[in-house]
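1. Sequence first, then the predicted structure:
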Amino acid sequence: MTLSRLLSRVGFVSRVGSRSAFTSSKTDTRNPNWLRVGLAFGSSALLWALLFKQHSTDVHEYKVRNGLQ
Amino acid sequence: MGSAADDKKSLPPPGIVNRNSVWLAGIGWFSAVLQNAINHRPPVKSGVHRQFLLATVGWFLGYHLTKHENYTYARLDRDMNEYVKIHPEKFQPKEKKTFAEIVEPFHPVR
C-alpha cells in the first residue's frame, strides 16, 4: 500500500498517550488483566530463579577452581 | 594466562545483594511508580506486578553488571601490577627529606 494509506490507518489505532473524545474509554480498574498480571509475576519468578541458579553456579565454579574451600 | 572467560570465573562471584543490584532495582521500581503517577493511578498501591517485575529486572541486570565491574577492575589492577614489575626502574622509592633538612635554621627574634 502507499505510504499515505498506511499512515492514515495509524490514526485509527487508540494509544494510551493520545486520547480522542470519539474513541477513548476509561481504563477498567475493577477487572484487572489477569493474564498480564500472571505473565508479569511469572517472568519475575523466572528471572529470580535464573539469578539464583547463576549465582550458585558461579560460587561452585569459584570453589572448584580454588580447591574446594 | 588463559582466555577471558577463564579469568572471569577465577574471581569470587558477587553476592546476590550488591550495590548495583539494589540501585538498579530501585530505578526499576521507581520507573513503575512514575508510570503509575503519569497515568493518574495511585503511584505505589497500583500495578504491584509491574513494580515487582521492573525491580526484578533491575536486580538481575545489577548482578551481571557487578560481575563485569569486578572483572574490569581486577584486569586493570593485574595489568598495572605487571607493568610495575616489568619496569622497576620507574618506581624507585624516593629519598624522603624532613622539613628540618630543607628549611633554613630558625633563629627566633623575640
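-> Perfect, I can see it now.

2. Which helix or strand in chain A has the lowest average pLDDT?
-> The helix or strand of chain A with the lowest confidence, counting by mean pLDDT, DSSP states H and E, is helix A:3-10 at a mean of 60.

3. Please enumerate the helices of the chain.
-> Going with chain A. Ranges of helices in chain A, per DSSP state H, are A:3-10, A:34-65.

4. my bad, chain B
-> B:4-9, B:19-38, B:48-86, B:99-102.

5. Can you give me every residue that contacts the most centrally placed residue in chain B?
-> Centroid-nearest residue in chain B: B:Glu69, 6.4 Å away (criterion: C-alpha atoms, centre = their mean). B:Glu69 makes contact with B:Asn20 under the criterion C-beta atoms under 8 Å, 6 or more residues apart in numbering or on different chains. For glycine as for every other residue, the C-beta is placed from the backbone atoms N, C-alpha and C.

6. Just give the number of residues close to the residue of chain A found nearest chain B.
-> The nearest approach of chain A to chain B comes at A:Asp58, 3.5 Å away (C-beta to the nearest C-beta). The number of residues packed near A:Asp58 is 18, by other C-beta atoms under 10 Å in any protein chain shown.

7. which non-adjacent residue is nearest it?
-> Nearest residue to A:Asp58, sequence neighbours excluded (C-beta to C-beta, 6 or more residues apart in numbering or on different chains): B:Pro13, at 3.5 Å.

8. Output the below-cut-off pLDDT ranges for chain A.
-> Within chain A, the segments meeting pLDDT under 70 span A:1-16, A:19-23, A:69.

9. Kindly report the residues of chain A close to chain B.
-> A:16, A:29, A:36-37, A:40-41, A:43-44, A:47-48, A:50-52, A:54-55, A:58-59, A:61-62, A:65-66 (C-beta under 8 Å from any C-beta of the partner chain).

10. How about residues contacting stretch B:9-28?
-> Outside of stretch B:9-28, the residues within contact range by C-beta under 8 Å, 6+ apart are A:51-52, A:55, A:58-59, A:61-62, A:65-66, B:54-63, B:65-67, B:69-71, B:74.
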